[in-house]
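Asker: Next one to model:
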Amino acid sequence: MTLEEILIQKPADRAQCTGKALEEVLLSAKDNNCLTVGVYESAKVMNVDPDNVSFCVLATDEEWECDIALQIHFTLIQSYCFDNDISIVRVNNMQRLAEIVRDKTGQLEDAHCCLIMNPADGSWEDPALEKLHLFCEESRSLNDWVPEITLPKR
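Answerer: Prediction:
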């Protein structure tokens with residue numbers, strides 16, 4: 001499906017298609033060692049090398065919605081992304097995100113924030129990432145600064 005076809009879809013259909021694109025990008029970034037997972041790990045990377053960050057994913061679910069400390073971290077990360085022109089989305093199923101980004105050992109403690117990095121050598125490019133950037137740009141033009149994406153179920 002082309003980007004133009006995605007953009008003219010109904011919002012619900014677009015969100016589903018965008019969820020598939022996000023899953024593809026996360027898996028590809030993980031395979032290419034271009035993924036940082038975890039709130040604290042992400043904050044460190046953004047502080048040291050914000051120019052190398054291409055995309056940010058924040059995730060929460062009902063269990064964590066009332067965690068004030070996490071919400072403060074999210075606010076700071078969102079602000080940092082806005083200040084550094086980093087595209088950012090939210091997903092509402094942290095468990096599904098954790099399944100996607102978990103390492104080979106199957107262990108993962110914190111999937112609340114994931115950063116997709118630009119590779120140092122420029123060897124990795126993903127057309128789905130461009131779709132996500134355009135989705136975020138369109139959402140911002142509609143005053144939806146942190147759009148929510150639904151990841152596809154297994």
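Asker: Apart from its chain neighbours, what residue comes closest to the residue most central in space within the chain?
Answerer: Among the residues of the chain, Val57 comes closest to the average C-alpha position under C-alpha atoms, centre = their mean, at 2.4 Å. Counting by C-beta to C-beta, 6 or more residues apart in numbering, Cys114 is the residue found nearest to Val57 once chain neighbours are left out, at 4.4 Å. No exception for glycine: its C-beta is placed from N, CA and C like everyone else's.
Asker: Quick one: neighbours of the one you found, just the number.
Answerer: 27 (other C-beta atoms under 10 Å).
Asker: coming back round to it: return the distance of the residue nearest to the centre of the chain relative to Glu130.
Answerer: 16 Å (C-beta to C-beta, to the nearest Å).
Asker: do Cys114 as well
Answerer: 18 Å.
Asker: by contact count, what packs against the longest helix belonging to the chain?
Answerer: Longest helix of the chain, by residue count under DSSP state H: helix 11-31. Other elements packing on helix 11-31 under the criterion 3 or more C-beta pairs under 8 Å, 6 or more residues apart in numbering; DSSP states H and E are helix 3-7, strand 53-59, strand 87-91, helix 94-101, strand 113-117, helix 127-141, strand 148-149.
Asker: is it possible to export the ones you listed to a markdown table including mean pLDDT and distance to Cys17?
Answerer: A markdown table is the format used below for these (pLDDT from 0 to 100; distance: least, C-beta to C-beta, whole Å):
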| stretch | mean pLDDT | distance to Cys17 |
| --- | --- | --- |
| helix 3-7 | 53 | 5 |
| strand 53-59 | 95 | 17 |
| strand 87-91 | 95 | 14 |
| helix 94-101 | 92 | 16 |
| strand 113-117 | 96 | 18 |
| helix 127-141 | 92 | 8 |
| strand 148-149 | 92 | 10 |
